[in-house]
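1. here is my input; please provide its structure:
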Amino acid sequence: MPYTILVTPTATDDIAAAIEYYNALATDLGYRFADLVAEYFDRIAELPTASAVRYRNVRCKPMKRFPYLITFTIDDANHSVNILRVFNTYQEPLH
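-> The predicted structure is shown next:
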């Protein structure tokens, strides 16, 4: 049974900004990005432990075709995955 995906407001903002950016570059590119994000969320929901642990209990799933990294935690008690960020790897992290 797949895990429930819960997306934080920060991750939602990340996705919205990426869609806007990519749609400004090329027609429908942002929507293709959004479709790919949804596919990755489905994959993560099916098998969240397949992604590497990078920072304590935070797991990371790099996306193909776009320079983004999906960071998330697993809540086994609630059978859910908390999507923390959909981070553009070309950005510098906040200090």
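2. going forward, measure contacts between C-alpha atoms and count neighbours the same way
-> Will do.
3. need the contact list for the spatially most central residue of the chain.
-> What sits nearest the mean C-alpha location of the chain, by C-alpha atoms, centre = their mean, is I70, with 3.2 Å. Residues near I70 by C-alpha atoms under 8 Å, 6 or more residues apart in numbering: 60-63, 83-87.
4. over to C60?
-> C60 makes contacts with 51-54, 69-72, as judged by C-alpha under 8 Å, 6+ apart.
5. residue contacts, Y31?
-> Contacts for Y31 were tallied using C-alpha under 8 Å, 6+ apart; they are 19, 23.
6. again, only this time at 10 Å
-> In this structure, Y31 makes contact with 18-20, 22-23, 37, judged by C-alpha atoms under 10 Å, 6 or more residues apart in numbering.
7. cool, T10 as well?
-> If a contact means C-alpha under 10 Å, 6+ apart, then T10 has 16, 83-87 as its contacts.
8. ok, it to E39 distance?
-> 19 Å (C-alpha to C-alpha, to the nearest Å).
9. return the set of buried residues in stretch 72-92.
-> 72-74, 80-88 (16 or more other C-alpha atoms under 10 Å).
10. what is the nearest of the contacts of I70 to Y3?
-> I83 (11.8 Å; C-alpha to C-alpha).
11. and the strand or helix carrying that closest one, which strands flank it?
-> Per DSSP states H and E, I83 falls inside strand 80-88. Taking DSSP bridges as the criterion, strand 80-88 forms sheet pairs with strand 4-7 (parallel), strand 68-75 (antiparallel).
12. once you drop chain neighbours, what's closest to I19?
-> In space, and not counting its chain neighbours, I19 is closest to G30: 4.0 Å by C-alpha to C-alpha, 6 or more residues apart in numbering.
13. from E20, how far off is the one you found?
-> 6 Å.
14. one step back: of all the contacts of I70, which two lie farthest apart?
-> Pairwise distances across these peak at 14.9 Å for M63 and L84 (criterion: C-alpha to C-alpha).
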